[in-house]
Every structure is written in structure tokens, then in C-alpha cells.
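> model the following, please.
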Amino acid sequence: MPGAWKGLPHDDDWISHGRFQLLELAVREMPGMGQSPRTGPHRMRRGGRGELHARPGLLPASIATGRSGSGPAESGKIWRAVLSNRRRIYPLSGEDGPVRGVPYVTNAIAWASHAGCPCVDTTDGLHRPEGLSDSEALALMKRSYRQILRVAEAHNIIVNIEPHGYFTTNPDTMAEMLAFADSPCLRMNMDTGNTFIAGRDPVAFRKRFLDKVSHVHIKDVSRELAEAVRGGQTGIALSCCAIGDGVNAANIRECLRLLHNRNYAGALSIECDGASIEKSLEWLRKTLSEITRAAAFDPPAVAPAAPIKKRSKLKTA
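Residues are numbered from 1 along each chain as shown. I've put the predicted structure just below:
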């Protein structure tokens, strides 16, 4: 399982030492269109003229079409504008999702295709959408995701749904969303921290959707944060403690074991602040090594993951 790079400068020594293999990218705001990457996709391809040409060991793994900007300064500006009602955000679960949200996701898909990035990450809003019942919001998202998936299938890009909001951290509604279309391009970006903070059991969440996972965010949660907000929020951006030092460490280990037993070969993205990245990476590599050694002595009696079926045209309701 390759480790993924997130949140460090491109010239950081970690990259030149070959300790990271993949990039996870956030998209930045584009006036009038929501959010869209500003870096030219040719700069992200292996052998291109930009960042990855200088670091040939790195490849893009996923693009997150999230709710905030890609850097701390920009994120702060955006959220201050949101809180002062000078700027609105349009999650796919809201009434404006089809008009505002769908275009920047489809733009990100086209960008990802040119950049050689296999996945685009999506999610819903933090809260129940105003003015809509749950069934109305789900019906709205179903139409939006079907439109998004037509573009994704044309570009051969996986659209992941990440548990990070009102609907997606509920396993029952997540199951309904993952059944929006019979498409191999619709899969899940598992997040160990968001499911825990939302009051769910990350291991049970992982077991339920094991065959759907194609990208994984690894986040731990400090005891203080868990006591303060668990069950009252739907996610956190980063782990404020090193991976392995928090109260979610045992869940992360078991989730990794489940993935190993299922022959998971996707990316693992470490989501923690910069000060904790070295310790987090050391814990993750040690844990993966222990899981691999244990499996060699006690092979799991689980059938390997079924190969992804050939792409078929999206069925319409």
C-alpha cells in the first residue's frame, strides 16, 4: 500500500528522499464556477515540464473537490467570507448543487484525466440541506451524480464519495448514495477520522463498504478532541495528533488489516498536520509491516476482491 503525500511543499526533502509516492490534490476556488484546479494538468504528469518532472517518483492519486481552499490562508479567507454571508458554498446535497456543484466536479474530472489522476473525491454538506427533506435531497443528489458519472465514464475516472457530511457519515444513506448508479466509476473514499468524529464505528463502516473502497484517508483523533466534539460533527480536516497517538489508533489498525486481507492496492493518504507527519508515517509503515507479517503466518480465509467489471453505459431510471 503506497503512502500518499499531502500538504507539504513540492521541494520538501521528504519527496526527494522518495518517502512518498503519491500526491493528493485539493482544488482551489475559481470565481463564478465554485472550485477548480489552477495548476495546468500537464504539469502533474510524469515526464511533464512541471513539479512531477522534477520529482519522477510522484504521481497524482486523487483530486478532492472539497468545500474549502487548498491552503490555510485561502481557506481562512473563504470561511471568513462564508461566515459574513459574502460568499456561499454549494454542496451537491443542496438545492443549488446541480447548478453550482456539478460543473466544478465535472471540470475536475476532465482536469484529472489530463493530469493522469485516477480519482476525484466528492462529498455532501455538513448539515441537513435547508428547505429539503432527506428524500428530496437524496433524489437531487442522485440526478447530480448520474450526470457526473456520465462524464467520469467518458474520461475513465473514478468518482469517490467521502464520509464527511450529514448524509455520507450515516452508513444507511451512504449505501443509498453508492447505489445511485450501476457504474464501476462510483466508489468510496474511506476516512477513518471523519467516521469516528461523527460517532460511528470506523471498523463497522469499513466492513460494510469494503468492496467499494478505492482510496483511504488515515486520520487519528486526540482524546481531547474526541471528548469535545465526537457525535456532534461530521468530520475534521486533519489529525491534530500523530497517527497512532490518538484514541482512533486501534480502529485504524483494524481497518488496515481488513484492507490487507481484501488485497487492497489503492492509496493511503495520511491526513495530519506537518509537525506530526514523520511520526505518523513511521507508525503507519510499522503497522503495515506487522499486519503483513501476521497475515503470512495466519492467512485470512477471505476471497480476494473481485476484479472491477468492464465499464458499461450508465443505466437511467
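> show me what contacts the closest residue to Asp245 other than its chain neighbours?
Using C-beta to C-beta, 6 or more residues apart in numbering and skipping residues adjacent in sequence, the residue nearest Asp245 is Asp220, 6.5 Å away. C-beta coordinates here come from the backbone N, C-alpha and C atoms, glycine included. By C-beta atoms under 8 Å, 6 or more residues apart in numbering, the contact list for Asp220 reads 192-193, 239, 241-249, 252, 272, 280.
> dihedrals phi and psi, Asp220?
Phi and psi for Asp220, reported as degrees, to the nearest 10, are phi -100, psi 170.
> do you know how far it is from Ser280?
8 Å (C-beta to C-beta, to the nearest Å).
> so what's in contact with these two at the same time?
In contact with both Asp220 and Ser280: 239, 242-244, 272, using C-beta under 8 Å, 6+ apart.
> okay, and which of those residues map to strands?
Counting by DSSP state E, none of the members of those fall within strands.
> what's the closest of the residues you listed to Leu284?
Nearest to Leu284 among the shared contacts of Asp220 and Ser280: Ile243, at 6.0 Å, using C-beta to C-beta.
> mean confidence (pLDDT) on stretch 288-296, please.
For stretch 288-296, the mean per-residue pLDDT is 93.
> buried residues in it?
Neighbour counts over stretch 288-296 (16 or more other C-beta atoms under 10 Å) mark 288, 291 as buried.
> who's in contact with that stretch?
For stretch 288-296, contacts defined as C-beta under 8 Å, 6+ apart pick out 1, 253, 256-257, 260-261.
> for Asn189, helix, strand, or coil?
Following DSSP: H, G, I helix; E, B strand; the rest coil, Asn189 is assigned to strand.
> before we move on, what about the one 10 residues further on?
Assigned with three-state DSSP, Gly199 falls in the coil class.
> so Leu256 is in contact with Arg285, correct?
No. Leu256 lies out of contact with Arg285 (C-beta atoms under 8 Å); the separation is 11.1 Å.
> more neighbours: those two, which one.
Taking other C-beta atoms under 10 Å, Leu256 and Arg285 do not tie; Leu256 has more neighbours (22 against 13).
> and that one, what pLDDT?
At Leu256, pLDDT is 97.
> pull the contacting residues for it.
Taking C-beta under 8 Å, 6+ apart, one finds 1, 268, 287-288, 291 in contact with Leu256.
> please identify the helix or strand for Pro103.
Using DSSP states H and E, Pro103 sits in helix 102-115.
> wait, isn't Leu259 in contact with Val216?
Yes. At 7.1 Å, Leu259 counts as touching Val216 under the criterion of C-beta under 8 Å.
> who has more neighbours out of the two?
Taking neighbours as other C-beta under 10 Å, Leu259 and Val216 compare with Val216 leading, 25 against 22.
> show me what the helix holding Pro103 is packed against.
Using 3 or more C-beta pairs under 8 Å, 6 or more residues apart in numbering; DSSP states H and E, the elements in contact with helix 102-115 are strand 34-36, strand 59-64, strand 119-122, helix 134-155.
> so which of the ones you listed is the most packed in?
Highest mean neighbour count among those (mean count of other C-beta atoms under 10 Å): strand 119-122, with a mean of 27.
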